[in-house]
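Undergrad: I'd like to go over a predicted model; first the sequence, then the structure.
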Amino acid sequence: MNLPNALSLVRIFLVPVLVVFLVAVPRPYNLTAVVVFLAAVLTDWLDGRIARSTRQVTTLGKLLDPVADKLLVCASLISLVQVGRAPAWMVVLIVCRDLAVTGLRAIAASQAVVIQASDFGKITMTMEVIAIALLIVNWPPIALPLGQTFLLVATMLSVASGTIYFRKFWSNIDLDK
């Protein structure tokens, strides 16, 4: 296993740690949880940068990286609903889109087609990261409404980028297989 794929696995293992700090140890200003979250986000940035710069991009990495991202985002958002900082309807839309895209990628992979993350999907992820970090830290007082505003933008982008993934899927897959 190469370093970028190992970093994706680290991100997956940080998810339950983050959930514990968000839900089991809730605080009004949760600095520990935001540090864990941002460390996980850093592994996402690092694994992509290392994979591209050292030509270690693998099919496993192309599949594992987005799954790790979705686990991190979905677990964070669901936990934020639990502690009353994120509107459930936004989280449901984002999580459903993420599950649908992950399913599409799995079907595509069964036909040896890899649907990579688009730039639009990366912008969506950036908005989600900003929203989640603001909602976790919950300080200063403007952080909660600002985080919810970023989450609204992320929700709209998520639905739009999900549509792009569906189009890529339909144009690259033979449904008779």
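TA: Looks like it arrived, so ask away. Numbers count the residues shown, from 1 in each chain.

Undergrad: Distance from the lengthiest helix in the chain to the middle of the chain?
TA: Assignment by DSSP state H gives helix 143-172 as the longest helix of the chain. Centroid displacement of helix 143-172 relative to its chain, using C-alpha atoms, centre = their mean, to the nearest Å, is 11 Å.

Undergrad: tell me which residues in that helix are buried?
TA: Across helix 143-172, burial judged by 16 or more other C-beta atoms under 10 Å covers 143-144, 147-148, 150-151, 154-155, 157-158, 161-162, 164-165, 168-169. All C-beta spots, glycine's among them, are computed from the backbone N, C-alpha and C.

Undergrad: Stretch 111-128 too?
TA: I115, A117, G121, T124, M125, M127, E128.

Undergrad: now do stretch 85-102
TA: Buried, per 16+ other C-beta under 10 Å, within stretch 85-102: R85, A86, P87, M90, V91, L93, I94, V95, R97, D98, V101, T102.

Undergrad: so can I have JSON lines of those residues showing distance to C74 and pLDDT?
TA: Shown next, in JSON lines, are the buried residues of stretch 85-102 (distance: C-beta to C-beta, whole Å; pLDDT from 0 to 100):
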{"residue": "R85", "distance to C74": "15", "pLDDT": "95"}
{"residue": "A86", "distance to C74": "12", "pLDDT": "97"}
{"residue": "P87", "distance to C74": "15", "pLDDT": "98"}
{"residue": "M90", "distance to C74": "12", "pLDDT": "98"}
{"residue": "V91", "distance to C74": "8", "pLDDT": "98"}
{"residue": "L93", "distance to C74": "12", "pLDDT": "98"}
{"residue": "I94", "distance to C74": "8", "pLDDT": "97"}
{"residue": "V95", "distance to C74": "5", "pLDDT": "97"}
{"residue": "R97", "distance to C74": "10", "pLDDT": "95"}
{"residue": "D98", "distance to C74": "6", "pLDDT": "91"}
{"residue": "V101", "distance to C74": "12", "pLDDT": "88"}
{"residue": "T102", "distance to C74": "10", "pLDDT": "84"}
